[in-house]
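Q: sequence unknown, structure follows:
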């Protein structure tokens, strides 16, 4: 391992992996401090456990060696697929077997905070400095920060440049009416193809369309469903019309098979998706050249529309054996440098402004679109039942698309189910047990 | 006797204690849980727990997804039990009629699916039933038939899953019936044949009474098993498509361990228990009427 | 030589059905040896182009993916399944064999009542107890441990009834003779009864081992740590993520089911006797 000095930075060339890691002196001091702390705590000699999800999780082992070397803490990482991650966390919490550090969908924070799974942030922490304001809001439960934002995400349209140009558009329109015209033109041109891919078992893009409406999704202090509101009804009707007009196939994710192969074959022209697609498409650059696709904002009723805010954060378990070490791992992972590295590997976007600047993300057109969409994001209601509500709404929507309900009946059914789910919350609110 | 009595108590105490602690107590606990609204809030703070009497049961009554699960389960059982028992009986009868040569090899092959691990074979059959590249559609195309979207069409998902379930389970009853059939007196069969009785009449009056008890036991066990299907939908279809393969146990698992509505899930468990118990009792009574018990 | 249709037809039918029944298992093994991505073409290949053990290597050993060395942790899962099955068998035998013998041959107060209770309990489906059992284990701190996974299996109602049924055939005179000779109950049990019960014990051990190996729902609930996963749970978890990777999943299926299949083939005599309610030849 060679070290060289440049202005204000230390360049470490790791002969093992053959790569160059540049650390700002600030980071190095931070790691040294962590190392000193860890050295004192070394007598315990036990490592940290970290659960990470998705592609970030699969690639996390790449990020760990500098931390492990600097602090002497071995990190046992378990990669968990997103499907089932929510249940795993709850079951582990119920069984007192949570890992020290966990990556999670920020929408799950109210639920995990409720069951006392999360440790509050250490006081006077710099962990939230330099983070996007929206990101900081997403990790607060009742004005207390319970996690540190890690990756930012949103929901945009990826599209095939050539297929869209075929029908006379440079990029998919951002206005619903115009977007529909483009979609219809694509389907008219190729009868065996579709304009977009809206998967039946995926809550987006329905929730993106819902986020574009003026009314909130829940009412009465988030204790009742508001799905019968005219706004959501409009969103649901638009969503249904996309299937009715065959602008999207009526399939679930499992039935489509490999989405990117289908996208490459031109089976649909627009792929609404999140930042994971950036990394996935980078991996498939051979089969799917960069020049063939682009990204624009999600369409809305009158121009570019909102999407639901998404993002992942890192939290420490309340029962972590070594909170010091756990927080130092979190500090390391959320440092601008590591966030920049993550973007380089998986395409997940950083939450620290420093990392955006360093990675030159302002210059990349796709990340600019994401930044713009992130700025146009609506946070989900911070209720513990949110994950369940999303699931039920998506189920009713699927039954509606398959013809079992009309739009109005579907919104009423959604309200019925959601009201029932929130019944406990209502009673606790009435009893004054929760705010 | 005292020494025997003491030994008896010592020998049986451990398993009886384990049973009380790990079976009886939790079952009573399920009953108790089912009249509370134990959920994520209660997990956080037991003080949030409320006693709601028949509340869970009433709510289940009004929950369409629960009734859908019940319907699916009844469909599974209604189609599956006759299919499974019929297949076992038919195979047993053919084995009985066959000569002894190679018998143990066939018996081994026919029984092998029963011994395999359910999760593993469920995955194998998920691919056998695959619409595009599965063996079953390939075989169908060999006969000139169009491919069927077995696991992707809500209408065919239950029959498709049943093909797998019957394949896996039929070996057990086949063995039991083979043994039972071997006790059917051949003289009686011959006599009936000489008297001019047709195959069906022979079956009804000679074979059936002999295998009656075995048939009853098989039916009781099959019904109970089909009402408790979980792993197959969990691994093959995740309850889909469109919740068409979501069974009562799957619904209970979802309520209990995905959403932590332990109160509601316990109510489902109690309902399942009562249903199985009632059906077993009904079958036993039927069996007693035919003197098969 | 007149070959009667009546003798040929059933044999042929059985042979056909047997081969069809075995077909998916054979295909499972064949696909597991195929190179990645070849099995999902149409028409499906029935024989690997060039057989490879790559899928097994990928599953069992840490491999390089984008993020450095990752592991499906299938080998630890194999060890967990093995350890748990052995423990379940030993504990199960220890609990149920003496009790089954006692219910059959020893006279003690409450025997009839206890037996009735056991018969009633045999009807109770295991799932009813699962949710409260989880809570009990949580409060005892045993979730995510071997003890937690083994717990429900200790209530061995079927085992006791099976052993009892099988032991009834032992002649009482034999036991009484030993008692008159001055043997203690324990000696009667270990020196006379157990040797006679050997096939029954082996059968029960076999059944318990197989049941533990294939157990899915309870380990799914009771284990959250990947390192403690049993094979079925690990396989299901991998399948949720790698649904498209047919060859890999088939290799996993082979790893999961081959041990029990081989065990069954080796011990089929005991297995079949057990299914048919086997007894002790007195």
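A: Ah, there it is. This structure is a prediction, so every number in the text was calculated from the model and none was measured.

Q: near chain B, which residues of the stretch 201-350 of chain A show up?
A: Remark: the part of the stretch 201-350 of chain A in contact with chain B comprises A:201, A:251-252, A:254-255, A:257, using C-beta under 8 Å from any C-beta of the partner chain. To be clear about C-beta, it is placed using only N, CA and C from the backbone, and glycine gets the same treatment.

Q: Need those residues in TSV (columns: distance to residue C:23 and pLDDT).
A: Compiled in TSV, those are given as follows (distance: C-beta to C-beta, whole Å; pLDDT from 0 to 100):
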residue	distance to residue C:23	pLDDT
A:201	32	86
A:251	29	86
A:252	29	83
A:254	24	72
A:255	25	75
A:257	25	73
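
Q: For the residue nearest to the spatial centre of chain B, which residues are in contact?
A: Note on chain B: the residue nearest the mean C-alpha position is residue B:225, at 2.0 Å, using C-alpha atoms, centre = their mean. Residues in contact with residue B:225 (C-beta atoms under 8 Å, 6 or more residues apart in numbering or on different chains) are residue B:169.

Q: list the buried ones in the helix or strand where it lies?
A: Assessed by DSSP states H and E, residue B:225 sits inside helix B:208-227. By 16 or more other C-beta atoms under 10 Å in any protein chain shown, the buried positions in helix B:208-227 come out as B:210-212, B:214-227.

Q: Then stretch C:235-250?
A: Applying 16+ other C-beta under 10 Å to stretch C:235-250 flags C:235-239, C:241, C:243, C:245-250 as buried.

Q: Flag every residue of the stretch 251-400 of chain A that's near chain C.
A: Listed as neighbours of chain C in the stretch 251-400 of chain A under the rule C-beta under 8 Å from any C-beta: A:254, A:257-258, A:283, A:345.

Q: ChimeraX command for the buried members of the residues you listed?
A: In ChimeraX, a selection of the buried entries from those looks like this (16+ other C-beta under 10 Å):
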select /A:254,257,345
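
Q: what's the most distant pair in the residues of the stretch 251-400 of chain A next to chain C?
A: A:254 and A:345 (27.1 Å; C-beta to C-beta).

Q: which SS state does residue A:152 fall under?
A: strand (DSSP: H, G, I helix; E, B strand; the rest coil).

Q: Report how many residues lie close to the nearest residue to it once chain neighbours are set aside.
A: Leaving aside its sequence neighbours, residue A:152 sits nearest to residue A:349 (C-beta to C-beta, 6 or more residues apart in numbering or on different chains; 4.4 Å). A total of 26 residues lie near residue A:349 under the criterion other C-beta atoms under 10 Å in any protein chain shown.

Q: go on, residue B:36?
A: Taking other C-beta under 10 Å as the definition, residue B:36 ends up with a neighbour count of 20.

Q: Who are the contact partners of it?
A: B:42, B:49-52, B:263.

Q: where does it land on pLDDT?
A: pLDDT, residue B:36: 94.

Q: Leaving out sequence neighbours, find the closest residue to it.
A: Closest to residue B:36 by C-beta to C-beta, 6+ apart is residue B:263, at 4.9 Å.

Q: by how many degrees do the helix or strand where that neighbour lies and helix B:208-227 diverge?
A: If you go by DSSP H and E, residue B:263 is part of helix B:262-289. For helix B:262-289 against helix B:208-227, the angle by axes from the mean of the first three to the mean of the last three C-alpha atoms, to 10 degrees is 180 degrees.

Q: Now helix B:262-289: buried residues?
A: Across helix B:262-289, burial judged by 16+ other C-beta under 10 Å covers B:262-273, B:275-276, B:279-280, B:283, B:287.

Q: and the residue in chain A positioned nearest to chain B, what pLDDT?
A: Nearest residue of chain A to chain B: residue A:115, at 4.3 Å (C-beta to the nearest C-beta). Looking at residue A:115, its pLDDT reads 89.
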